[in-house]
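Visitor: for reference, the sequence and a predicted model appear below.
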Amino acid sequence: MEEYLLSGSILCGDDFEVVEGYICISDGVITDVCEEPGPVDALAHGIVVPCFVNAHTHIGDSVLKDPRVTDIASLVQPPDGLKHRVLRTTGMYDLVRAMQASIRDMAATGTCAFADFREGGLRGVQALQQAASCAPVDAVIFGRPAGDGGDGDDAYGMDDADMGGLTDLKDEIGSILGCAGGIGISSTNDYKDGVAAAIAEHARKCGGRFAIHAGELDSTDIKDALALNPDLLIHLTHASTNDLCQVSDHDIPVAVCLQSNLLTRVGIPPVETMFAAGVTVAAGTDNVMFNSVDMFAEMRFLSSVFTLSEQQVLGMCTRSGALALGLNCGIIEMGADANVMVLDKDSYNLVGARNILRSVVRRARAGDILFCSCGNV
Ligand SMILES: [Zn+2]
């Protein structure tokens with residue numbers, strides 16, 4: 001049995017209340033949170049923070065890190081956006097190696113879990129499974145039917161007169177869900193009538209979750225996405241207050257991707273309105289071709305752009321993502337998985353911090369990590 005203590009200023013519970021003391025960890029679970037400021041024999045001492053949960057990524061495009069950003073459709077839209085063309089010509093070895101680098105980068109920047117939309121059907125999902133064994137970071141995989149067994153994502157799309165038949169689609173979803181936790185697709189606008197609904201329905205029948213992008217470029221696909229009653233919505237950059245009330249009524253979590261939206265100039269997601277409507281709002285770094293997987297940087301952007309409390313911003317990057325994905329982490333409390341990091345309160349960056357929570361949200365960075373349960377730092 002592996003047991004150890006972490007001590008210092010602990011950001012506890014849903015509100016990240018700062019408690020001076022220590023936490024006990026036994027076999028990967030937080031077994032006690034003690035308010036006792038005196039010295040203890042701890043593995044690390046500093047600011048004890050839950051690790052990040054990155055609620056939306058596409059790490060397959062780690063093979064294409066720095067394209068010139070033009071219009072987003074020509075870069076990412078299936079079937080022939082630049083990313084899909086590059087993925088079609090990338091071999092398995094190079095794809096896995098590139099994804100491993102991004103997963104290791106997550107471990108080095110304090111992320112314990114991520115939800116990835118993995119293109120390329122079953123083969124794409126298997127490549128990510130293979131890559132994910134490189135670091136103790138939990139990969140929640142949303143696969144996507146490709147129709148051709150390859151990285152094309154084309155056989156069920158708009159360009160193909162014959163969508164390959166619903167039987168093939170159902171078979172492929174069944175085989176993807178043998179390896180993945182859910183199905184994640186692009187906009188309903190990228191599919192012929194009825195195909196997105198068939199994918200959602202069959203994903204559920206097979207016991208998988210269904211997630212979808214909506215409202216990224218404009219609002220034209222939001223109503224269609226809501227009609228599918230997804231388990232997770234990505235973006236909603238152009239959602240109206242009315243849309244967000246519906247999202248809240250149906251208890252659908254949303255993953256917003258601020259830096260990605262800023263870089264692609266599609267707009268700024270209405271995050272304050274999401275909170276006002278009672279939506280569970282999580283944060284993701286989105287495509288590796290637009291943005292690194294560093295959640296410290298995403299958190300800083302969120303705190304700079306939106307009028308939110310520090311609790312709300314840190315919650316978006318930790319607990320809300322865990323809730324959206326059904327994970328028992330993103331929070332420091334008894335019984336939670338011990339996915340935690342300890343930051344150096346005497347680093348050049350953090351020394352002298354008077355408001356610990358605000359300093360963590362606004363200025364902490366990977367270089368401040370003394371200890372992290374998901375990586376060797
Ligand atoms: Zn996405």
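Guide: Perfect, I can see it now.
Visitor: what is the least confident helix or strand in the chain?
Guide: Using mean pLDDT, DSSP states H and E, the weakest-scoring helix or strand in the chain turns out to be helix 72-76, at a mean of 86.
Visitor: where does pLDDT dip in the stretch 251-377 of the chain?
Guide: In the predicted model, the stretch 251-377 of the chain carries pLDDT under 70 at residues 376-377.
Visitor: check the stretch 101-250 of the chain too.
Guide: Applying pLDDT under 70 to the stretch 101-250 of the chain flags residues 148-164.
Visitor: hmm, His213 is touching Ile185, no?
Guide: Yes - proximity of His213 to Ile185 meets the contact threshold set by CB atoms under 8 Å, at 7.4 Å. Backbone N, C-alpha and C define where each C-beta goes, glycine included.
Visitor: next up, identify which helix or strand Ala115 is on.
Guide: When elements are assigned from DSSP states H and E, Ala115 belongs to strand 111-118.
Visitor: that strand: how far from the chain's middle?
Guide: The offset between the C-alpha centroid of strand 111-118 and the centroid of the whole chain comes to 5 Å, using CA atoms, centre = their mean, to the nearest Å.
Visitor: what lines up beside it in the sheet?
Guide: Paired strands of strand 111-118, with direction, are strand 52-58 (parallel), strand 138-143 (parallel) (DSSP bridges).
Visitor: of the ones you listed, which is nearest Arg354?
Guide: With CB to CB as the measure, strand 52-58 is the member of those nearest Arg354 (23.8 Å).
Visitor: residues of that closest one that come out buried?
Guide: Within strand 52-58, the residues that count as buried by 16 or more other CB atoms under 10 Å are Phe52, Val53, Asn54, Ala55, His56, Thr57, His58.
Visitor: same question, stretch 250-257
Guide: Of the residues in stretch 250-257, those buried under the neighbour-count criterion (16+ other CB under 10 Å) are Ile252, Pro253, Val254, Ala255, Val256, Cys257.
Visitor: in strands, which of the residues you listed fall?
Guide: Secondary structure of the buried residues of stretch 250-257 is defined by DSSP state E; positions in strands are Val254, Ala255, Val256.
Visitor: let's see stretch 334-350 as PDB, backbone CA atoms only.
Guide: Below are the C-alpha coordinates for stretch 334-350, written out as PDB (Å, rounded to 0.1, in the frame of the first residue of the first chain):
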ATOM      1  CA  MET A 334     -12.000  12.700   1.400                       C
ATOM      2  CA  GLY A 335     -12.800   9.800  -1.000                       C
ATOM      3  CA  ALA A 336     -11.700  11.700  -4.100                       C
ATOM      4  CA  ASP A 337      -9.000  10.300  -6.400                       C
ATOM      5  CA  ALA A 338      -5.700  11.800  -5.300                       C
ATOM      6  CA  ASN A 339      -4.900  13.700  -8.500                       C
ATOM      7  CA  VAL A 340      -3.200  16.600  -6.900                       C
ATOM      8  CA  MET A 341      -0.100  18.800  -7.300                       C
ATOM      9  CA  VAL A 342       1.900  20.800  -4.900                       C
ATOM     10  CA  LEU A 343       3.100  24.300  -6.000                       C
ATOM     11  CA  ASP A 344       6.200  26.000  -4.600                       C
ATOM     12  CA  LYS A 345       5.000  29.000  -2.600                       C
ATOM     13  CA  ASP A 346       8.600  30.200  -2.500                       C
ATOM     14  CA  SER A 347       9.200  30.200  -6.300                       C
ATOM     15  CA  TYR A 348      10.200  33.500  -7.800                       C
ATOM     16  CA  ASN A 349       6.700  33.600  -9.300                       C
ATOM     17  CA  LEU A 350       4.600  32.800  -6.200                       C
END
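Visitor: that stretch: which residues count as buried?
Guide: Neighbour-count burial for stretch 334-350, counted by 16+ other CB under 10 Å, picks out 336-345, 347, 349-350.
Visitor: can you put the residues you listed in JSON lines and add distance to Arg144?
Guide: Conversion of the buried residues of stretch 334-350 to JSON lines gives the following (distance: CB to CB, whole Å):
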{"residue": "Ala336", "distance to Arg144": "31"}
{"residue": "Asp337", "distance to Arg144": "28"}
{"residue": "Ala338", "distance to Arg144": "32"}
{"residue": "Asn339", "distance to Arg144": "27"}
{"residue": "Val340", "distance to Arg144": "32"}
{"residue": "Met341", "distance to Arg144": "32"}
{"residue": "Val342", "distance to Arg144": "37"}
{"residue": "Leu343", "distance to Arg144": "36"}
{"residue": "Asp344", "distance to Arg144": "40"}
{"residue": "Lys345", "distance to Arg144": "43"}
{"residue": "Ser347", "distance to Arg144": "41"}
{"residue": "Asn349", "distance to Arg144": "39"}
{"residue": "Leu350", "distance to Arg144": "40"}
